[in-house]
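In: Just to be clear, the model below is a prediction. Sequence and coordinates:
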Amino acid sequence: MSLNGKVAVVTGASRGIGKGIALQLGGAGGKVYITGRAPANADRDAPGSLTETAKEIEKRGGTAVAVYCDSSKDDDLSALFDRVATENGRLDVLVNNAYAAVPELYQNLGKPFWEISEGIWDRGTQIGLRDYYVSACKAAKIMVPQKSGLIINISSIGAEEYLFTPVYGIGKTACDRMAADCALELKSHGVNFISLWPGAVKTELMDKYHKEFEADAARFSGETAKLGLNSMIFDEHEESMEYAGMCIVALAQDNELTTKSGTVLTTADVGKTYGLKDIPF
């Protein structure tokens, strides 16, 4: 599958699912603008970096443009999309993926919401919901005039069942609703908007926290902790970090994508539809 000549933006691509998506889009021939926070502002204990992602894309024959961008700042997002429009005159794919609250979610597993600092709301919805909306607005201003484009919100089964803490589920439910309502307004302009649920993905951070969990299981003995750990119970059904990217490459080339616009899709269902096979990992 080829995305030659296509331009994409993937937010939060320093590691995890965002990195995997960027690698697949770049490997398919797309020019991929990848975003992440500058090293001085990034999580110091988090593995991976924007530079490493860019180098890997280039190794696969793709074109990577690394942009240090704080997704909580509207000015940073405006500058990103202005640059994309100026340098390319088009934007074909936006993947809203950035999420900042993973450490807080893990650290507060098992605590009822009223015992967690209210600040987790800001961490869980500022980058991971509000920035999705702002980025979608900026992307639509480029895509609507060209009468084409695909916007993807990376969401989660947390929109349907309890996962981590209520803030997480509230945010993911809103991501799904955003795709549905925005798609309705974009339909007549040839732009599609989809919410995508990856399955259990063994990202660098989740692997790190899973190992810590195994070493200190007694800390997570409560019922809500067990529920919140659903996505950390890895088994033979887990996905690689790149599988969501494979799905997005396939969706971006579907000439009948309008029939799926506004819906929630799982990577499992997308894989079945297009006959995809995950990479070994």
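Out: All right, it came through fine.

In: low pLDDT regions in the chain?
Out: 1, 40-46, 203-237 (pLDDT under 70).

In: Can you pull up the most central residue in it?
Out: Central residue of the chain (CA atoms, centre = their mean): N97, 2.3 Å from the mean position.

In: what's P198 in contact with, if anything?
Out: Counting by CB atoms under 8 Å, 6 or more residues apart in numbering, P198 makes contact with 17, 154, 156, 239, 243-244, 266-267. In this view, the C-beta of every residue, glycine as well, is placed from N, C-alpha and C.

In: Could you turn the buried ones of those into a PyMOL selection?
Out: Provided next is the PyMOL selection string for whichever of the contacts of P198 are buried by 16 or more other CB atoms under 10 Å:
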select buried, resi 17+154+156+239+243+244+267
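
In: what residues does the longest helix seen in the chain touch?
Out: Ranked by number of residues, the top helix in the chain under DSSP state H is helix 166-186. With contacts defined as CB under 8 Å, 6+ apart, helix 166-186 is touched by 96, 101, 105, 113, 120-121, 124-125, 128-129, 132-133, 136, 140, 143-144, 151, 153-156, 158-159, 161-163, 192-195, 261-264.

In: all strands of the stretch 1-150 of the chain, in order?
Out: 7-10, 31-36, 63-68, 93-96, 149-154 (DSSP state E, counting those that start in this stretch).

In: Using CSV, write out the CA atom coordinates for the first one.
Out: In other words, strand 7-10. Written as CSV, here are the backbone C-alpha positions of strand 7-10 (Å, rounded to 0.1, in the frame of the first residue of the first chain):
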residue,chain,number,x,y,z
VAL,A,7,1.0,14.6,3.8
ALA,A,8,0.2,13.5,7.3
VAL,A,9,0.5,14.8,10.9
VAL,A,10,0.8,12.5,13.9
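
In: the helices in the stretch 51-200 of the chain, which residues?
Out: If DSSP state H, counting those that start in this stretch is used as the criterion, the helices of the stretch 51-200 of the chain fall at 74-88, 102-107, 119-125, 131-146, 166-186.

In: Ends of stretch 255-268, what's the gap?
Out: End-to-end distance of stretch 255-268 (CA to CA, to the nearest Å): 20 Å.

In: In helices only, show me the contacts of P198.
Out: Those of these lying in helices (DSSP H): 17, 243-244, 267.

In: so can I have TSV of the residues you listed showing distance to A79?
Out: Below are the ones in helices among the contacts of P198 laid out as TSV (distance: CB to CB, whole Å):
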residue	distance to A79
I17	24
Y243	31
A244	26
T267	31
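
In: State the pair within those residues that is farthest apart.
Out: The span of those, defined through CB to CB, is set by I17 and T267 at 9.8 Å.
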